[in-house]
Structure formats: C-alpha cells, structure tokens
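Engineer: how would this look folded up:
(one chain, ligands or ions: 1)
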Amino acid sequence: MTDSRPIGIFDSGVGGLTVLNQLKKQLPYEQMIYVGDTARVPYGNKSQQLIQQYSQEISEFLISKNCKMIIVACNTASSLSLEYLRSKHSLPIEGVIEAGVEEAIKETTNNQIGVLGTHSTIQSGAYEIKLKEYQSNIHVTNQACPLFVPLAEEGWVEGEIPENIARVYLKPLIDSKVDSVILGCTHYPILKRTIYNVLPKDVKLVDSGEAVSQKVIQILSEKELMAPSDAYGHLECFVTDLPSQFSKVAKRFVDFSIDKVKTIELHSS
Ligand code: DGL
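Structural biologist: Below you'll find the model as predicted:
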C-alpha cells in the first residue's frame, strides 16, 4: 500500500528548514507542506500554554490540507506540545526529541551528554527526562544558547564573535567532559562548524533533524503510508508573516530552491 498525501512539517520560523532539508534528501518522493510561524517566532522564550495553542492551530491547518503525518520540526514545540497534539489528533505526529535522544545514547561511551536548546526547551527538561528514561545512569549537562538563534538567522555563523559566544555557552559542557552533544534547537546545526571548533576534538554532535528522518521512514513504512517511489516530491511553504524575509533566510538553510511561499492566517477551531 502507498499513500501520496503530503507530510506536514512545522516550526516557529525558518529553523525547521534544517529538518526539511534532511527529509527532502531521504524522502525525495514524498509531497511536503512546511509551515513557519514567522509572525510569532521565537517560541523559545514563550509559555507552554501559548506554544500548545500555536502548535494546535498549525496542526489544524496541516490536517485541513490533507496531511497524512505531522512532524513537529521545532525542539521547543516538540518539548512542550507533542503529547498535547497527540491527545487531540489521531494521525501520526512525531517530534525531534526522541530521535535526538536515541542517537545520543548510541554515540556516548562515557554517559556524559550535553544538551543545547532554547530557554523553554531546557526549562521543560524534555531531553533530560527522555535521556534518563532510556538510560538511567546518563549524566546530562543542559545549556540554553539563546544567542545562537539570531546568529543563525543573520548568517553570522563563523568567526570570532560566534566562536566567543560559543566558548561561554559550551564551557560547562567541556568542564563536565561530555562526549556527545545534542543540538536541541533547529537553528544550531547552522553553527555546527563553530561548535566543533570550540569543543574538544573527539566530542560528537547529534543533529536531531538528521536523526528524525530515519524515524519518519520507519513510521511511514510501518503504517504503510509511504508515497509511491515514482511520485514527484512537491513542496509547498506557508508562513504567517510576509514571505520575503523567509525566502531570503531560507537559502542558507536548504540545498534546494524554495519558489513560492504563501502567507496564511491561523485560527483555532
Ligand atoms: N525552532 C526553535 C527550536 O527548535 C528555535 C527558534 C525559536 O525560539 O522559536 O527550539
């Protein structure tokens, strides 16, 4: 059985495009609909109640577009609204946390794992709780890195300034001798090289976006929801503010071109 309905992917803005980029590479035949909530970004310093409301509105939009699955391509929304969304809708909904956790557990040899994320993600404890659920003897060093988001948006990802900021953020992780670090925010893979430069050589970085693609393939095949292999993987992008800034920044986040971006107004039913 195959299913050619689209996969819905959403983020607070452009960051989820790092996840979309991986998904397009691994699932070229799938139709995809991406929503970036650019009018209300950032989610990383908002309350759980608001993030749940926003995530619910976007999910309702994606369901109205006949999506067969939803991927919450935002670490903050995954941390604070995934279970809420799953309780409201019956289609498969996957976030980025679990995939990142599974990958980090595979990578670590000394059980010292670092987690980088937004304030809301770190405060929620979502990564730490999941990591300890998988393996109770894991020690987690959490660090919120709020300045990484505007640096990535501005394309200011290498050189002295991002490196100095990274040095301050990453010091507690270096001190606790982590051997694996989860990039628990969609924007951080853009700063991968700078983060590598600052961390000791043997530390591994786990990109939740990369990890989630494998999980999505597994869910689609288990539920017989894969698109036919001769299908054309069309992409539609929607934002909640003007599309021009999104299109400009998007070029730095994906390896393909994003042509038409439409503006939508979101409502909750
Ligand atoms: N997409 C968000 C995340 O992955 C980062 C940007 C924001 O704060 O909204 O946590």
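
Engineer: so what would you say the end-to-end distance of stretch 105-113 is?
Structural biologist: 8 Å (Cα to Cα, to the nearest Å).

Engineer: could you count how many residues lie near the closest residue to residue 109 other than its chain neighbours?
Structural biologist: Distances taken as Cβ to Cβ, 6 or more residues apart in numbering place residue 179 nearest to residue 109, at 6.0 Å, with adjacent residues excluded. Yep, even glycine has a C-beta here, placed from its N, CA and C like the rest. The burial metric for residue 179, expressed as a neighbour count using other Cβ atoms under 10 Å, is 18.

Engineer: I'd guessed residue 179 sits against residue 203; true?
Structural biologist: Yes. Under the criterion of Cβ atoms under 8 Å, residue 179 is in contact with residue 203, at a separation of 5.9 Å.

Engineer: return the residues of the stretch 1-150 of the chain in contact with the ligand.
Structural biologist: Counting by Cβ under 6 Å from any ligand atom, the positions of the stretch 1-150 of the chain adjacent to the ligand are 11-13, 15, 41-44, 74-76, 118, 121, 149.

Engineer: including pLDDT and neighbour count, could those residues go into a markdown table?
Structural biologist: Written out in a markdown table, the entries for these read as follows (pLDDT from 0 to 100; neighbours: other Cβ atoms under 10 Å):
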| residue | pLDDT | neighbour count |
| --- | --- | --- |
| 11 | 97 | 30 |
| 12 | 95 | 31 |
| 13 | 93 | 26 |
| 15 | 91 | 30 |
| 41 | 93 | 21 |
| 42 | 93 | 21 |
| 43 | 96 | 26 |
| 44 | 95 | 27 |
| 74 | 96 | 34 |
| 75 | 96 | 38 |
| 76 | 97 | 31 |
| 118 | 96 | 29 |
| 121 | 97 | 26 |
| 149 | 92 | 23 |
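
Engineer: now, the residues you listed that are in strands?
Structural biologist: The strands, defined by DSSP state E, take in residue 11 from these.

Engineer: one step back: show me what contacts the residue nearest to residue 109?
Structural biologist: Residues near residue 179 by Cβ atoms under 8 Å, 6 or more residues apart in numbering: 107-110, 112-113, 202-204.

Engineer: what do you get for residue 149?
Structural biologist: With contacts taken as Cβ under 8 Å, 6+ apart, residue 149 has the following neighbours: 15, 42, 44, 118, 185, 187.

Engineer: closest to residue 220 among these?
Structural biologist: residue 15 (23.1 Å; Cβ to Cβ).

Engineer: which residues in this protein form strands?
Structural biologist: 7-11, 32-36, 69-72, 93-94, 112-117, 139-144, 180-184, 204-207, 235-239, 261-263.

Engineer: taking the chain, what residue is nearest to the ligand?
Structural biologist: With Cβ to the nearest ligand atom as the measure, the residue in the chain that lies nearest the ligand is residue 44; the distance is 2.7 Å.

Engineer: if we can go back for a sec, export the strands of the chain to JSON lines and tack on distance to residue 55?
Structural biologist: Putting the strands of the chain into JSON lines (distance: least, Cβ to Cβ, whole Å) gives the following:
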{"stretch": "strand 7-11", "distance to residue 55": "8"}
{"stretch": "strand 32-36", "distance to residue 55": "10"}
{"stretch": "strand 69-72", "distance to residue 55": "7"}
{"stretch": "strand 93-94", "distance to residue 55": "10"}
{"stretch": "strand 112-117", "distance to residue 55": "17"}
{"stretch": "strand 139-144", "distance to residue 55": "20"}
{"stretch": "strand 180-184", "distance to residue 55": "17"}
{"stretch": "strand 204-207", "distance to residue 55": "22"}
{"stretch": "strand 235-239", "distance to residue 55": "15"}
{"stretch": "strand 261-263", "distance to residue 55": "19"}
